[in-house]
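>>> Sequence unavailable; structure follows:
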């Protein structure tokens, strides 16, 4: 049975208890949220780790993408990224590998991770079709479901499935005339497949078959946004919203069937459209958890897209997004390095934490208050301890030593905090 | 005469023409905005550079702080920071020096800058009082106005004056009981002075004298927020808002007298309080330009405060803040390095640009659209050209070379953009 089915029978699972304890909320409250479909607990029956909850009333979670490509196939290096992502606080990892031995790396990621693992099975389908037939348009329906079942059996906790890329949404896309059409890898593979084969997307047409597999292993479906905008000018257009409508319908079908489901969202988007996008998703998908990629609030900052994404992500999460996919400084430029992964995770954590304070998550601000007291006390050891990246703070401080150890080299003898200690 | 006085006489100055041309708006429209006090053009009559406008309807401007401290007194290094700040797009530079030969560095910054220059004269007053009497509480009123006049005569374009730190606001602060009292250096020096001498702040009491000096050189007064919150828990409290009320009154007095004026704002602040703070400032200060420091949306990210500040700054500017003071990764830790300055300027530019798109500044999104077309065309040279930091993008791209030069090593043969070129 899935966590959703247990909740419907009012059975409190170990996973629910773990999540409730981690979030410091009542277990019954968590059970109700799972029952309502506003919280998911992505945890494959074949994967052992401490369960994490994603959704309404819980802290905002963050995901880090890792994985090989044809151009970068070093499995050990990708596994180091997993370590770094965990060390800096990622709650989930997605293995997006498309180069080298895909089964091997997936199994290793699942085995070595102590966090939630996601994949995008269409990537492996494409790799196989390219190897076998030299053409991703020759992926056949059986291959699709076989690969999905394999991922689920291996212990993947959530899978991105681009079920909303359909003949209808592609038609809308053509009428819309975007600058960047489709920038989702999976979305592009499926759109090309649909156009070339003049057939409907099997993941949409045979959604029930997908549900059966997902339910068998309690894999959470992450309904992918294949039509997400790839630039600000394409944001919140009819193609994107058409897909979201279909994803909303599929959410309802999935939940009725007892499968856990969340929705993926954009993408590139002007800052002033973020609120409407979150409200729209929550409304069309009946408050199912929302997993956003970015949003990136400008297109012109490659090399710094962890920052453009932290701006958009903080705002999205403050308005109700539940799960942020990190964006690294390498976005649009290359497969991320270890340092890119670190920077991406930290920027996302900042966004998630700022949003948790803004949306009033109980206790979220406590660590900020501890930092504020440490600053008041000029207690540098405690400041280091409260920091999101203590080692880095220590390094910074070591790099520029003040004469007076109480202060820092910016204000030196004019430190406001120190000065006023005698006055107030 | 000041730009405000010229505007009142409907005289279109060269400075107004320069600003209108740079902003691509009608000169008469700009003149009206200056007349209404909703735009300032901080430009000392003794400082030659291309004038910049700050305020309603204009692009969001950014400032970079540089300057020595007792612990770091290398003037050449600070001048390199000026170069870097200009190179990466700062519109203004503040020299906050408190160590070494203050006159020398200030003169050099004014001489070498081709952008707007600001200072905080109270810092020099404090340095002199400490040297002379060993006590900043022994600053006398004549020293205050002498130093201010000297900065203005030397060609400083705007000065931060903490006129709102008064006996009344300090009383409010005591009742409020903050964690971090005052974190503004100038605010702390003045608060201690007021408490110790049991006298009113001369910059408040003798505001008319300040106005005379400012008007003589057309120096824009930047009314400092000495009571700005230094942590999330202290944000938007009675002490802060009391000071803002006084600053609003002083704004009106200054404008009536014909002096240009803008208001400084917080600080550390939960993301969900930013909108109210901007609205409040705009209302209490009759839409005078708003210059914000941050806001930093969490306290726990020293080493990454350029990111916490980009989040807050983007939001603040989208809601109407006109001028962002950069925050570097070194904030709370040390005097910034050259690299810190670069990172701070770029993060602020990202925030300002994202906000300009959000608030509908005409033409702001054009460069994003060019980038989007360059991505669609897989034109990497044009992508580099459109980027906020072209050299860095080039370096990134060089570091990880794909087999197929059209794409990048993240998606390799599965590049969505390339894939769909054949389909649509």
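Yep, that arrived. Not measured: the values here are computed from a predicted model.

>>> Show me which residues of the stretch 51-200 of chain A are close to chain B?
If contact is defined as C-beta under 8 Å from any C-beta of the partner chain, the residues of the stretch 51-200 of chain A in contact with chain B are A:69-72, A:98-99, A:123, A:126, A:130, A:136, A:173-174, A:179-185, A:187-189, A:191-192, A:195-196. The way it works is simple: take the backbone N, C-alpha and C, and place the C-beta from them, glycine included.

>>> so residue A:169 sits in a helix?
Yes - following the definition DSSP: H, G, I helix; E, B strand; the rest coil, residue A:169 is counted among the residues of a helix.

>>> thought it was touching residue A:239?
Yes - counting by C-beta atoms under 8 Å, residue A:239 is a contact partner of residue A:169 at 6.1 Å.

>>> Show me the strands in chain A, by range?
In chain A, the strands defined using DSSP state E lie at A:39-40, A:54-55, A:61-66, A:92-95, A:116-119, A:158-161, A:220-223, A:261-265, A:290-293, A:323-325.

>>> Can you pull out the low-pLDDT segments for chain A?
Nowhere does chain A drop to pLDDT under 70.

>>> Point to the residue nearest the middle of it.
What sits nearest the mean C-alpha location of chain A, by C-alpha atoms, centre = their mean, is residue A:325, with 3.0 Å.

>>> That one reaches residue A:61, doesn't it?
No - when contacts are counted by C-beta under 8 Å, residue A:325 is not listed as touching residue A:61 (10.0 Å).

>>> Next, count neighbours for the nearest residue to residue A:50 once chain neighbours are set aside.
Ranked by C-beta to C-beta, 6 or more residues apart in numbering or on different chains and with sequence neighbours excluded, the top spatial neighbour of residue A:50 is residue A:18, at 5.7 Å. Under the neighbour criterion other C-beta atoms under 10 Å in any protein chain shown, residue A:18 is assigned a count of 19.

>>> For residue A:357, give me its contacts.
With contact set as C-beta atoms under 8 Å, 6 or more residues apart in numbering or on different chains, residue A:357 has these partners: A:364, A:365, A:368, B:232, B:270, B:271, B:272, B:297, B:298.

>>> Buried by neighbour count, from those residues: which ones?
Of the members of the contacts of residue A:357, the ones counted as buried by neighbours, 16 or more other C-beta atoms under 10 Å in any protein chain shown, are A:364, A:365, A:368, B:232, B:270, B:271, B:272, B:297, B:298.

>>> neighbours around the closest residue to the first one other than its chain neighbours, how many?
I take that to be residue A:364. Spatial nearest neighbour of residue A:364, chain neighbours left out: residue A:356 (3.9 Å); criterion: C-beta to C-beta, 6+ apart. As a burial measure, the neighbour count of residue A:356 was computed by other C-beta under 10 Å and equals 22.

>>> Residue A:356 against residue A:60, yeah?
Yes - if you go by C-beta under 8 Å, residue A:356 and residue A:60 touch, sitting 5.5 Å apart.

>>> what touches both of the two?
The contact sets of residue A:356 and residue A:60 overlap at residue A:317 (C-beta under 8 Å, 6+ apart).

>>> Would you quantify the distance from the nearest residue to residue A:225 once chain neighbours are set aside to residue A:162?
The shortest distance from residue A:225 to any non-neighbouring residue, by C-beta to C-beta, 6+ apart, is to residue A:264 (4.5 Å). Residue A:264 sits 9 Å away from residue A:162 when distances are taken as C-beta to C-beta, to the nearest Å.

>>> Overlap in contacts, the two.
The contact sets of residue A:264 and residue A:162 overlap at A:223, A:224, A:225 (C-beta under 8 Å, 6+ apart).

>>> The first one against residue A:262, yeah?
Yes - between residue A:223 and residue A:262 a contact is recorded at 7.2 Å, counting by C-beta under 8 Å.

>>> who touches both of these two?
Once C-beta under 8 Å, 6+ apart is applied, it turns out that residue A:223 and residue A:262 contact no residue in common.

>>> hmm, back to that, between residue A:169 and residue A:239, which one's more packed in?
More neighbours sit around residue A:169 than around the other of residue A:169 and residue A:239, counting by other C-beta under 10 Å; the figures are 29 against 24.

>>> show me what contacts that one?
Counting by C-beta under 8 Å, 6+ apart, residue A:169 has contacts A:226, A:227, A:239, A:242, A:243, A:246.

>>> Which parts of chain A belong to which domain?
Recorded structural domains for chain A (assignment: automatic domain parsing) are A:3-359, A:366-421.

>>> Just give me the neighbour total for the closest residue in space to residue A:297 that isn't next to it in sequence.
For residue A:297, the nearest residue in space outside its immediate sequence neighbours is residue B:354; the separation is 3.9 Å by C-beta to C-beta, 6+ apart. The burial count assigned to residue B:354 is 32, neighbours taken as other C-beta under 10 Å.

>>> Quick check, residue B:354 in contact with residue B:315.
No - shown here, residue B:354 and residue B:315 do not form a contact pair, counting by C-beta under 8 Å, at 9.2 Å.

>>> so what sits against both of the two?
Once C-beta under 8 Å, 6+ apart is applied, the residues that residue B:354 and residue B:315 both contact turn out to be A:271, A:311.

>>> before we move on, the earlier item: and the contacts of residue A:357, which two are furthest apart?
Across the contacts of residue A:357, the two members that end up farthest from each other (C-beta to C-beta) are A:368 and B:272, 13.8 Å apart.

>>> Quickly compare the strands of chain A and say which is most buried.
Comparing the strands of chain A by mean neighbour count (mean count of other C-beta atoms under 10 Å in any protein chain shown), strand A:39-40 ranks first with a mean of 30.

>>> elements contacting it?
Strand A:39-40 makes packing contacts with helix A:27-35, strand A:54-55 when contacts are defined by 3 or more C-beta pairs under 8 Å, 6 or more residues apart in numbering or on different chains; DSSP states H and E.

>>> Now find how far off-centre it is within its chain.
On the basis of C-alpha atoms, centre = their mean, to the nearest Å, strand A:39-40 sits 14 Å off its chain's mean C-alpha point.
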